[in-house]
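Student: Fold the following for me, if possible:
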Amino acid sequence: MSELKTDAFWMPFTPNRSFKSAPRIVERAEGIYLTEKGGRQIIDATAGLWCSNAGHGRTEIAEAIYQQAKKLDYSSIFNFGHELSFEYSERLVKHTPDGLNHVFFGNSGSEAVESALKIALQYQRARGKGTRTMFIGREKGYHGVNFGGISVGGIAPNYQTFGQPVKANHMRHTLDIERNAFSRGLPEQGVELAEDLERLVAFHGADQIAAVIVEPFSGAGGVILPPKGYLQRLREICDKHDLLLIFDEVISGWGRTGSAFAAIEWGVTPDMITSAKGITNATVPLSAVFVKDEIYQTVMDAAPEGAVEFFHGYTYSAHPVACAAGMATLDIYEREGLLTRASGDIGKHWEAALHSLAELDNVIDVRNYGLVGAVELRAPENLKGKFGGKVSGMAWDAGVMARGIGDALCMSPPLIIETHEIDAIVDKLRGVITSLA
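Tutor: Here you go, the predicted structure:
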């Protein structure tokens, strides 16, 4: 077998020189397990990248992809259509909060966010409020890597090199380890942090702000859960000042919190929801923006009859093979009850198992909800802010794929995980964290 050549591929979000000096190569995946080149199995405690919710290697999805590619591999979606795109849209909105009955398709979470921001601007102009061109995001928020996403996002390295071309400001994040360490479920303290939105509205003026965009819980920021009542208060403030509220559910959607969407789980209906990742179980790139009826209708009504209402879209919007993968994924979610499984006994076992690590000296916080969680570590002074990455490498060597973010190990296992597999993850992490002493 020839030696693997790694020079040509410029890897994303990766220290390329370090990785290529000692590459980790995944060869196969099945269920909740990855198999390294060489045959060693790794427990995928991150569901790929928060996305393989139904587990890897689902033959039903692979077969749907194959059959669709044979029948209709591609057709332009600009001024043409294919039946599956309409059927899939109707099926998707059966899972969204009431009133979000329209779908705009893209290919990634970044594109979903870009589309949602543009829809917000189009809506404000269509209703005669064209001065509303600013967005409010949140510190530690992640909204993809397009220029709109890095502008509203709040993770500094993602925008410091590139600037913030879209007008945006940011609310305070809600991570408060001092008051909320070792919370089980949503933290008790911090609802008042939502009032930071009032400060920004007063500073900029409501007539300048198009929308507020937040993740219901911050994923790439380190699994930061909203304090009780926080999202409800954001909704109230947005209603008070006539601002749109966008939930970025690229990570939290499709069963992660124990409902189809965190908006449903936590009882707060936004004006738009962005979705990707788990929507096709990560088999084929696809994303969606779910849009409130009023927004869609306002944009439609503002355009002359026969005119294009929204000058935006992608060559691969509603790609037929991606729609087929999405339909097969929904079949699995519905048949196996995966969209609500995290709210039952498996979520309780996950919580208890993760919190058993709280007794370790090097653990300063454990956060969890549904089937997502993070273990915050006490970092040495010389590694503060990047200790999680070092320890995630150790976890990989021990047989667990966990994401290192800041000083935390973050996890979001496939929704099909069983109790003995959760125990195996925690046992391996216990050994790794104990060895840090």
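Student: Below-threshold pLDDT in the stretch 51-200 of the chain: ranges please.
Tutor: Nowhere does the stretch 51-200 of the chain drop to pLDDT under 70.
Student: Could you pull out the strands in it for me?
Tutor: 100-106, 134-138, 168-171 (DSSP state E, counting those that start in this stretch).
Student: Which of the helices or strands spans the residue lying closest to Ala69 once chain neighbours are set aside?
Tutor: Counting by CB to CB, 6 or more residues apart in numbering, Ala69 lies nearest to Val321, which is 5.4 Å off, once chain neighbours are set aside. From N, CA and C alone the C-beta is placed, and that goes for glycine too. Element membership for Val321 (DSSP states H and E) is helix 320-336.
Student: Need the strands of the stretch 51-200 of the chain in JSON lines (columns: distance to Gly185 and mean neighbour count).
Tutor: Output for these, formatted as JSON lines (distance: least, CB to CB, whole Å; neighbours: other CB atoms under 10 Å):
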{"stretch": "strand 100-106", "distance to Gly185": "25", "mean neighbour count": "23"}
{"stretch": "strand 134-138", "distance to Gly185": "20", "mean neighbour count": "25"}
{"stretch": "strand 168-171", "distance to Gly185": "22", "mean neighbour count": "20"}
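Student: Could you point out which of the ones you listed sits nearest Glu249?
Tutor: Nearest to Glu249 among the strands of the stretch 51-200 of the chain is strand 100-106 (10.9 Å), distances taken as CB to CB.
Student: Can you list the strands that that closest one pairs with?
Tutor: strand 287-292 (antiparallel) (DSSP bridges).
Student: now the angle from the strand it pairs with to helix 320-336?
Tutor: With axes from the mean of the first three to the mean of the last three CA atoms, to 10 degrees defining the directions, strand 287-292 sits at 70 degrees from helix 320-336.
Student: after strand 287-292 comes which helix or strand?
Tutor: Moving toward the C-terminus from strand 287-292, the next helix or strand (DSSP H and E) is helix 293-302.
Student: State the mean pLDDT of that following helix.
Tutor: Averaging pLDDT along helix 293-302 yields 98.
Student: What of stretch 211-220?
Tutor: Per-residue scores along stretch 211-220 average to 98.
Student: Alpha carbons only: can I get that stretch in PDB?
Tutor: The C-alpha trace of stretch 211-220 is given here as PDB (Å, rounded to 0.1, in the frame of the first residue of the first chain):
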ATOM      1  CA  ALA A 211     -32.800  40.800  14.100                       C
ATOM      2  CA  VAL A 212     -31.200  39.100  17.100                       C
ATOM      3  CA  ILE A 213     -29.500  35.800  16.400                       C
ATOM      4  CA  VAL A 214     -28.500  33.300  19.100                       C
ATOM      5  CA  GLU A 215     -28.000  29.600  19.500                       C
ATOM      6  CA  PRO A 216     -30.500  28.200  22.100                       C
ATOM      7  CA  PHE A 217     -27.400  26.700  23.600                       C
ATOM      8  CA  SER A 218     -23.900  27.600  22.400                       C
ATOM      9  CA  GLY A 219     -22.200  24.600  20.900                       C
ATOM     10  CA  ALA A 220     -18.800  25.600  19.500                       C
END
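Student: buried ones in that stretch?
Tutor: 211-220 (16 or more other CB atoms under 10 Å).
Student: chain center to that stretch: distance?
Tutor: Centroid displacement of stretch 211-220 relative to its chain, using CA atoms, centre = their mean, to the nearest Å, is 9 Å.
Student: start the count at 21, not 1, going forward
Tutor: With the count now opening at 21, the last piece we talked about shows up as stretch 231-240.
Student: Which parts of the stretch 171-320 of the chain are helices?
Tutor: 176-179, 197-200, 216-224, 250-261, 282-285, 313-322 (DSSP state H, counting those that start in this stretch).
Student: Go through stretch 88-107 and flag the buried ones.
Tutor: Residues of stretch 88-107 classed as buried: 88, 97, 102, 104-105 (neighbour count, 16+ other CB under 10 Å).
Student: oh, I was asking about stretch 67-77
Tutor: Here stretch 67-77 shows 67-68, 70-76 as buried, counting by 16+ other CB under 10 Å.
Student: Could you look up the SS state of Val386?
Tutor: Secondary structure, DSSP: H, G, I helix; E, B strand; the rest coil: Val386 is strand.
Student: And for Leu429?
Tutor: Applying three-state DSSP: Leu429 is strand.
Student: What residues are bridge-paired with it?
Tutor: Bridge pairing for Leu429 (DSSP bridges) gives the partners Val395, Gly424.
Student: which ones are touching it?
Tutor: By CB atoms under 8 Å, 6 or more residues apart in numbering, Leu429 lies in contact with 394-395, 397, 408, 411-412, 415, 422-423, 449.
Student: same deal with Trp274?
Tutor: 73, 280-281, 295, 297-299, 353, 359 are the contacts of Trp274 under CB under 8 Å, 6+ apart.
Student: Can you measure across stretch 121-139, start residue to end residue?
Tutor: End-to-end distance of stretch 121-139: 15 Å, with CA to CA, to the nearest Å as the criterion.
Student: no wait, stretch 353-364
Tutor: By CA to CA, the extent of stretch 353-364 from end to end equals 15 Å.
Student: again, but for stretch 228-237
Tutor: One end of stretch 228-237 to the other measures 26 Å (CA to CA).
Student: rewinding a little: export the buried residues of stretch 88-107 to CSV and tack on distance to Arg253?
Tutor: Formatted as CSV, the buried residues of stretch 88-107 follow (distance: CB to CB, whole Å):
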residue, distance to Arg253
Gln88, 44
Ile97, 39
His102, 43
Leu104, 40
Ser105, 37
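Student: Out of those residues, which comes closest to Glu314?
Tutor: Ser105 (23.0 Å).
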